[in-house]
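Visitor: Got a predicted structure plus its sequence, pasted below:
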Amino acid sequence: MSGLQTELSGHNIFEKTRECLVGYPPYDVERGREATKEEDHIAELTEQFRADLQASVFYLQPPPPPPDIERYSDRFSAVKKPTSLKSLRTDIDLFPEELHPVLAKKRTKRARAAADSGGGVLELLGDGGSSDGGGSDSDGDGDGARKKAGSDNEKSGDDDEAGEAAEEDEEEGNDYLDTYFDNGEEDDIGDIDDDDGGGGGGDYY
Amino acid sequence: MYTEQVGLCRRLLGEHYGPIVEAVGAALIRDGRLHLGSVVQRTGLAPGSVRQALAVLIQHGMATHAQTREGGRAVTYYSISPRSILRLQRAGLYLALVEERMGRDGLAVFRTIMLNGCMTAAAARSALGASERSGAAAKAKFGAAVAKLVRERFITAVAPRDTVTRADRIMQEEAKEIAKLGAPATPKDLARIRQAIRQQEAEESSSTAIVGLKRSAAAAADDGGPAKVLIGPDGRPIMLGNGLDGHGHGDGQGGGGGGGDAQPDTVDDKQCFRVYYERLDVFLRNKQIVNYFSDKYNAAAGVVLKAALRLTEAHTRTCRDRVSERITANQIIQGIPHDAPLEDGVDTGDIPHSNGSDLSDGSGARRLQRGRAALALLEVLRADASGVLSRADERGAGVFRINFERAAGVLRDKCVDALVVEKHGSQHARIVRVLRDKQKLDEKAVAHFAMLPIDQCRERLHELSLAGFVATVEIPRTADRNPSRMFYLWHVDAGRQVSAALRLVFQGLSNVAQRAAREASCRAPLLAKAQREDVVADPSLLTAPERKELQAATAARRRLDIAAVRLDGMLLVVHDVAPSPVFGT
């Protein structure tokens, strides 16, 4: 059967095959009622609400995978700065204690102690570390202004993402450290040389 | 809880809040009460991410927490509410409702609060840009919009106890009371304590005090008697408690600050507010009731019932209220808009008055005619078999009540009938209606009333029974309960019908959500390309087939959203409004 024969006779060699395909006859799909203007408006509001939520601070995503190859579109893809839940202004009392770290900036030990005791004890003892213009917590997150340089695991309250991410990672398992670890910075080491070498200042003769 | 419901809740969480919240929500839905460690273990996510997800869920009112003491340490358990997750797909309906009633300013404030879950007035103000630096006019507009939303109870104040799981809170109060007794509690003591707690809860939930609204000194001074004043739909005050005995509309006496719109209330800046979804459901349900009666009778009847329902809205808290307060015919007539076509809707025997002629003496006569037409329509609605509008007082000239329980039953029956017709056919729907009308029948009687041959009738009855729309009752004829010698009576059980309807609706919604996800994932590269900065700046970078495909994607998403809105209308009726107790949450 050459092409020339079908062109001359106009006979379609696939006629029989088409007849066999009656398993899939044309099907009239019911499209249902047309949308009214009201329904259109409601759908538009729904879409807008969904888009707003997806762009908000509540849309939590795992961190993106590390870049593997360079792509042309990388220079145009809008890299969204991931916003943190800590920027949310809400009533912290609505949440249980164990969720407070994700919603409020963590305060240093000194700042927490100062808030608890009203600042009186520290004033009496005198400020050992750096003290910048009053411990007034101007921002509502309660971020202590008094920070010690090189304090254990606490960086100063900059909004740097890397700093926050690092803080996040380091804060993860540090409840044990905060509760039990004492790196000896607050110990009074003034008279270590006077020690008799055995500790306890014994008068051994 | 239905299988389809779980799948649907997962998809909704994933679409709106991301994959982390979806995983945490799914774990809580599947396993109920969990503490943080269990959630971390089940989801395999980092503890920090799980904490963030739980905070998001609590912020949006979908999860609650409760602290218990276990072996000396305090453990916090979290629970989730699928009902509040399902509200996510009703967001468009709520926003449209608020736009209709509160205008654009109210909508802007409401949308901000809804997006954030719960926020203070100060935070909302700065989010909207009406902060300290903008003019006094903008701040005044914002303040008025928020005050109106709070007064009408579209938003409600949040206290820390609202995010605590209710069951735990009640158990802790019980434990406290039992501890006060000293001796071990007897069953009588326990019953008394539980009764007292239930009463307290009921009082608190039905209290009419609006938290978070501060009345200014001028308004407080004018406040005379104990009458509560609320604002009606036309901005004029409605008296409650004093003026409802057929005296008609009050003139604003005894409080209210002399007029409707200029309420000098301000909102407490530090109070956190959230959307009061149950109250919004009341408005949506009322709309459905009006649509039902408009379809059954005509638009004029719908208008009259709409005016009546508007009057009841001021004192209807949630959909669980059974009967409305008393409303008079005069109040209803005054609530009907002037341009509503009443005279065409009912035949009062009066000569129809054309709009253009005789305006000089026409207005009085026309008002009379409209009054008569409205009364006639009220009578027609009162005589309706469903009993939704009933006369409160046999002697009174026109004092009515609306029975919400019966209205909910009517809406539920209509929804179930529609589902049966779609799913099975009109003959099945005929059988369901016959059984609903006649209560219990055996299959010969059903075949007789439904006008079907007995074998076809038997087939259809069994199909309906499989689906759950009809049920049987066995009545033994002999003492040995021989199955071959029993009467089997078919009947409709409202609870089971609602379960069957819910299953179908959840399946439909889940299918819609799945299809939407599939459409998005098929076109993911194209959608990502459309978000690129250079493409957003210059749309000509997209080829013509790509643009066509994007339009098709938008149109498909729009159709799916509209389908979800229509299904959600059914879900509102059978899930949130239905009077009979159903299984699940």
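Guide: Ah, there it is.

Visitor: how about low-confidence regions in the stretch 351-500 of chain B?
Guide: Residue ranges of the stretch 351-500 of chain B with pLDDT under 70: B:351-362, B:394-397.

Visitor: and with 80 instead?
Guide: B:351-363, B:393-397 (pLDDT under 80).

Visitor: State which one residue of it is found closest to chain A.
Guide: Closest to chain A within the stretch 351-500 of chain B is B:E422: 10.8 Å, counting by C-beta to the nearest C-beta. Just so you know, the C-beta spots here come from the backbone N, C-alpha and C atoms, and that holds for glycine as well.

Visitor: which element is that residue on?
Guide: helix B:404-423 (DSSP states H and E).

Visitor: Can you list the buried residues in that helix?
Guide: B:404-417, B:419-420, B:423 (16 or more other C-beta atoms under 10 Å in any protein chain shown).

Visitor: for it, packing partners?
Guide: helix B:277-296, helix B:426-438, helix B:494-522, helix B:544-571 (3 or more C-beta pairs under 8 Å, 6 or more residues apart in numbering or on different chains; DSSP states H and E).

Visitor: So for A:E34, which of those sits nearest?
Guide: Set against A:E34 and scored by C-beta to C-beta, the helices and strands packed on helix B:404-423 come closest in helix B:544-571, at 9.6 Å.

Visitor: Would you map out the domains in chain B?
Guide: Dividing chain B into domains by automatic domain parsing, as the record does, gives the ranges B:3-80, B:90-215+B:265-273, B:278-402, B:407-492, B:513-577.

Visitor: just checking, which of the ones you listed sits deepest inside the structure?
Guide: Sort the domains of chain B by mean neighbour count, taking mean count of other C-beta atoms under 10 Å in any protein chain shown, and domain B:3-80 sits at the top with a mean of 19.

Visitor: any idea how far the nearest residue to B:A556 once chain neighbours are set aside is from chain A?
Guide: Closest residue in space to B:A556, ignoring its immediate chain neighbours: B:E519 at 5.3 Å, by C-beta to C-beta, 6 or more residues apart in numbering or on different chains. Applying C-beta to the nearest C-beta, to the nearest Å, the value for B:E519 to chain A is 14 Å.

Visitor: Now do the SS call for the residue of the stretch 1-150 of chain B found nearest chain A.
Guide: With C-beta to the nearest C-beta, the shortest gap between the stretch 1-150 of chain B and chain A falls at B:G92, namely 3.2 Å. Classification of B:G92 using DSSP: H, G, I helix; E, B strand; the rest coil returns helix.

Visitor: Am I right that it is in contact with B:I562?
Guide: No. Using C-beta atoms under 8 Å, B:G92 is not in contact with B:I562, being 9.6 Å away.

Visitor: Quick check: neighbours shared by the two?
Guide: Each of A:I42, A:A43 lies in contact with both B:G92 and B:I562 under the rule C-beta atoms under 8 Å, 6 or more residues apart in numbering or on different chains.

Visitor: Can you pull the residues of the stretch 51-200 of chain B lying near chain A?
Guide: B:51-56, B:58-60, B:65, B:67, B:76, B:89, B:91-93, B:95-96, B:99, B:111, B:114-120, B:123, B:158, B:160, B:162-163 (C-beta under 8 Å from any C-beta of the partner chain).

Visitor: Smallest gap between chain A and chain B, at which residue?
Guide: A:T46 (3.2 Å).

Visitor: B:W490 - that's part of a strand, no?
Guide: Yes. If the criterion is three-state DSSP, then B:W490 is within a strand.

Visitor: List the contacts of it.
Guide: Contact partners of B:W490, counting by C-beta under 8 Å, 6+ apart, are B:L435, B:K440, B:L441, B:D442, B:E443, B:V446, B:L461, B:S465, B:V470, B:A471, B:T472, B:V473.

Visitor: give me every residue that touches the fourth one.
Guide: The reference is to B:D442. By C-beta under 8 Å, 6+ apart, the neighbours of B:D442 are B:F487, B:Y488, B:L489, B:W490.

Visitor: what ranges of the stretch 101-250 of chain B fall below the confidence cut-off?
Guide: Ranges of the stretch 101-250 of chain B meeting pLDDT under 80: B:129-135, B:205-210, B:212-250.

Visitor: Distance check, the residue most central in space within chain B against B:R317.
Guide: The residue lying closest to the centre of chain B (C-alpha atoms, centre = their mean) is B:D281, at 1.9 Å. Between B:D281 and B:R317 the distance is 11 Å, computed by C-beta to C-beta, to the nearest Å.

Visitor: With A:L85 instead?
Guide: Applying C-beta to C-beta to A:L85 and B:R317 gives a distance of 33 Å.

Visitor: next one: B:Q195
Guide: 22 Å.

Visitor: cool, A:L60 as well?
Guide: Here A:L60 is placed at a distance of 34 Å from B:R317 (C-beta to C-beta).

Visitor: can I assume B:L88 is in contact with B:L12?
Guide: Yes. The criterion here is C-beta under 8 Å, and B:L88 meets it with B:L12 at 4.9 Å.

Visitor: lowest-confidence helix or strand of chain A?
Guide: Counting by mean pLDDT, DSSP states H and E, the weakest-scoring helix or strand in chain A turns out to be helix A:161-172, with a mean of 47.

Visitor: Ignoring the adjacent residues along the chain, who's closest to B:R433?
Guide: With C-beta to C-beta, 6+ apart, the residue lying closest to B:R433 is B:D417, at 6.7 Å.

Visitor: OK, contacts around the one you found?
Guide: Per C-beta under 8 Å, 6+ apart, neighbours of B:D417: B:A429, B:V432, B:R433.
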